[in-house]
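Novice: Have a look at this fold, sequence not included:
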């Protein structure tokens, strides 16, 4: 009796608080270009500098929104000029001359000059840079700034990907001192408040040089737990989830008219990576057998339900040299047994401890048991993975997600952790980078990729789906989020 | 006038069994028995303070109020006013966290409605009555800062501050040194005489009982085995158990005499 | 009392230093190279060496410790390996969530536990005494995160009366929304906390109910309620005060776990993220701050107990 | 001189009601033991029989409860009831392992500290106080931070944190026993320290320690569940109840059974352990009325 009274009192207190809190900062009241868009994400920036380990969160929040590059990668994977109005390439392909768009101002009011561009590129290539793009950039001999509007970059070798790579280089105010907690870019939004562990606010830049943002601003809400994020969407605390990580929760949105589930393309591949240099995986038939013994489609369905795709290689559909190679070493347990020739096999699978690897490892173990292969699952931390697998190459097989686009080229490096060493493939990949035309590059990489797939250098289990779940009131949001970018300026809310 | 009538009191299975006696105004009655004989439970039953869950039957009428079955509020009204009690262990019987003066003040406030300076004076007078000197220091002291004898005097002062018609003294000297014992017995004797308070004195110690009481009941295993004036009881114990009590007291006295003390 | 205060303060300071040592040694004894965390995938051995020099982890352990202690003494908790942002401000930025959460949960727990615990003890003979006790027993066995999960399901997802998690972008600037977002977390932590507190209060009250001095008060005409109010509660408070300090620490811990259930930007989130990213300065900083808090609270608890109990004021 | 441990307990104060109290107490113990034994029995059964193989993924993705699958299946098609049984192994294993680690280390350290005198004793007291200032879960998280998340680490971490608490309790108990007259008598009679410990100290402190360890076992189960929930305990695919609850929260609206069953199992086991501790306390220390 008394307890019920206490409970009732607690409840009424709760409701009273709820009532007095209602109607506070509810962005839903406003619509159109006065609306603030609430965005939910799992990827909080570590800091705001993408050359100092800001992580994928800083790309999502700031790329194209606060900072802009000379070029822009569109949501469907095309490279378009942005701050560069014009480019000229010398005949030997070693000298690039870019002309900057005039009258572009930073948020601080300073006008963009070629010096800022030079500083921005050098920040990425600097010794202390932690940029993921650093290693994919060709060796840059020099950067010259003959006048405020012109940048001349000289390369040591030809690089067909150079312009594409420039789309990841943010142009910042060269005079800015602190880029880890502040941002001075040229984009359609200014950086507002960053409450670490919680939210990051962007407000519309009314002095933007191009088409102004269609909303008054956006707030990124950060979550460490997918369920909490989904709950926020379910309770209208956020309007859109940039990248749904909890497939199990999707059924809550699928049958609900208030939400739209967008199935976009990602570039993230889940790999069962063999150590191609050690037994038993130095034997190509063993690799082929293992690849054939695992029902990738069933694994994908287990984890992602109806979402995601199997691609049968390292190349996702958004890469120009994509080809559906699922038929190479396709699921065929009989063939797998045949390839193994009655041998019994045991190997250790070093499995990162975070999702989805342990789940997938359990599945692989039960699949391979059917063809007489015993798998010992060894769970390791991300740190251990880095030291044991990535640095020391001390493993038989492992699992890992590879998130970037255009990363099939790693199979051209025999010293990479998986130790795939095929002279022919290495040659094709080198030639492709030196190619004079995109078509030539595409042809060579297709050829290389097919060979890599046939050799079952790794088993590409599946390509992650890129799922954006949004309130049906929202339109104009990007759905592919290539390389985790999320252009927010086109979003409108009705 | 009968103050207390205990009739067929039974507690628990047979912790106290069929105990009957009366105390009238001004009486000095003893309840003598070894530990575990049920005498302390009897005193608790008289005040209606038996631990919950202990079944009790029979009747205890204290100034006409049934202390076993009357509603708690009625029993509360009788306690202190009609009968007050002094327990055996003065250290635990006093609130360790409260200054002694405030503890004595509590019954004074309750029964005499005293406030302010009058209350303070009454506290000092009560301490004076029990022959405590330096009353202002003692009033400010906590129980652990006093000696055993001082504490028991405080406990007596508290009990008498209620101006009860019956004082129940439950082994009030057992926890004290022999010399202090005598002082406390004298004090009790004098106070009840001065005020005409009836005394129910509970003890296991026959010689101690003999100093303050007139009539006594001897208890054993929850029953009263013998009753009568204490003098005749010592002179001619009828029950075996009484006889052993008397004999051992004699032997003790004899031993004392042989060693040349007292 | 002054002598005790000095002695106890000396012990507190010693404890703080010792806690720092324990923390430092524990973190250094554990395997894993902070330089890895700093650089991530793709670092060369030369880069790792450089990073070690930069971090100072190439120096002897004693040197590292003295350096760290000197930094801590000037309130410099170092820089995060992952974000290279200073740890101190990061911790301070999290306090507006963790401190109100912990304190209000604690206050609610105490406000619930004291009357319920006393009731469970004084009414042990009625039907609801044991029922209250059983509910407390249940509360102790329930993991806080599960309670949070169930509360979210009922109040946020089904009834839609409270937010499921998160904290408003304006923080306490948007007081209504901030308070709203803390309601369920506070209830969660308070429910679990009050369960164990109820048992302490109940047990202390039972001890007091069986005490001689309470019986004396009753025998001299105090009603049960008067006796309990004037003598019982004070005496029951002494042992409860002793556990309150520990309970406050446990409340903080409950907050750490519950913060992650409710996606709150508090110290708990910072700590779990620091641990999963092997961000030693962050872990070290958060642990140091929380341990220091626990030690200081314990110190205050001891003082409070001493003030409440005159027997402790003189050293025996 | 009597060395009977019974004589060590002061007699029950007058006015308590031993009979009725005792009946209630054993009721605690019986119910507690029943709850623990239900879980332990299920765990034992799981070693000989399981409804499905632990990695049998034939159940279909997220099958609702009923039919073959009492609690339904997880996303890989594994039977949740099977997972629940296996989770019981982890829970009980944690309890036993952590109590073993915490008990052995804590009692040894506490004995040493208990025999220490003067400044050494002061120092021991301060160190133990500080170790206790690190709450169990934080200490466990700290150890996991460095050593990596695994069941072994979790057990070790929880056990170590427990050791500090047990050590402090042991120290106090040892001090109490050593202060008794018969120990002085034994020392005067020239009995060696090891003999005093074995014959007098351990038997006297064992009942209270036993009660405390039973309580700690329940706390250890909760701590492991919390660690696993935070992703710092038993790594998947092993089905720790904390982990199962974490996974189930994504589908709490569509598959509530998955979010309820492991929680209830946890509560049953922990209540069982707590009640057992309560009952044991009442057995060994009848003065305490619970």
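Specialist: Great, that's in hand. Computed from a prediction, not measured in an experiment: that's the story for all the values here.
Novice: Confirm that residue B:168 sits in a strand.
Specialist: Yes: per DSSP: H, G, I helix; E, B strand; the rest coil, residue B:168 lies within a strand segment.
Novice: contacting residues around it?
Specialist: Taking Cβ atoms under 8 Å, 6 or more residues apart in numbering or on different chains, we find residue B:168 in contact with B:43, B:46-47, B:83-86, B:200, B:202. To be clear about C-beta, it is placed using only N, CA and C from the backbone, and glycine gets the same treatment.
Novice: Excluding chain neighbours, what is closest to it?
Specialist: The shortest distance from residue B:168 to any residue other than its chain neighbours is 4.3 Å, reached at residue B:85 (Cβ to Cβ, 6 or more residues apart in numbering or on different chains).
Novice: Is the one you found part of a helix or strand, or is it coil?
Specialist: Put simply, residue B:85 is strand when judged by three-state DSSP.
Novice: What pLDDT does the model give it?
Specialist: Among the per-residue scores, residue B:85 holds a pLDDT of 86.
Novice: Any regions of the stretch 101-250 of chain B where pLDDT drops low?
Specialist: Across the stretch 101-250 of chain B, not a single residue meets the criterion (pLDDT under 70).
Novice: can you pull out the helices in it?
Specialist: Assigned helices in the stretch 101-250 of chain B, in chain order: B:116-129, B:135-140, B:148-161, B:178-195, B:206-212, B:230-235, B:240-258 (criterion: DSSP state H, counting those that start in this stretch).
Novice: now swap in the stretch 51-200 of chain C and tell me
Specialist: Assigned by DSSP H, counting those that start in this stretch, the helices in the stretch 51-200 of chain C fall at C:61-73, C:87-122, C:128-141, C:144-151, C:175-209.
Novice: nearest to residue A:336, of those?
Specialist: Shortest separation from residue A:336 across the helices of the stretch 51-200 of chain C is recorded for helix C:144-151, at 42.0 Å, computed as Cβ to Cβ.
Novice: re the thing from before, identify whichever of the helices of the stretch 51-200 of chain C lies nearest to chain A.
Specialist: The minimum distance between chain A and the helices of the stretch 51-200 of chain C falls on helix C:175-209, with 3.4 Å, by Cβ to the nearest Cβ.
Novice: Please identify the buried residues of that closest one?
Specialist: Buried residues in helix C:175-209, counting neighbours by 16 or more other Cβ atoms under 10 Å in any protein chain shown, are found at C:176-209.
Novice: And for the residue of chain B found nearest chain C, the neighbour number?
Specialist: Among the residues of chain B, residue B:80 lies nearest to chain C; the distance is 2.7 Å by Cβ to the nearest Cβ. Using other Cβ atoms under 10 Å in any protein chain shown, residue B:80 has 26 neighbouring residues.
Novice: try the one 10 residues further on
Specialist: Look at residue B:90: counted by other Cβ under 10 Å, it has 26 neighbours.
Novice: now residue D:250
Specialist: Summarising burial for residue D:250: neighbours were counted as other Cβ under 10 Å, giving 25.
Novice: right, and it touches residue A:225 too?
Specialist: No: assessed by Cβ atoms under 8 Å, residue D:250 is found out of contact with residue A:225, at 9.3 Å.
Novice: lowest average confidence, helix or strand, in chain C?
Specialist: Taking all helices and strands of chain C together, the one with the lowest average confidence (mean pLDDT, DSSP states H and E) is helix C:34-39, at a mean of 56.
Novice: Now residue B:66. Nearest residue, chain neighbours left out?
Specialist: residue B:59 (5.9 Å).
Novice: Map the structural domains onto the sequence of chain C.
Specialist: Under the assignment automatic domain parsing, the domains of chain C span C:2-73, C:88-313.
Novice: looking at these, which is buried most?
Specialist: With neighbours defined by mean count of other Cβ atoms under 10 Å in any protein chain shown, none of those is more surrounded on average than domain C:88-313, at a mean of 21.
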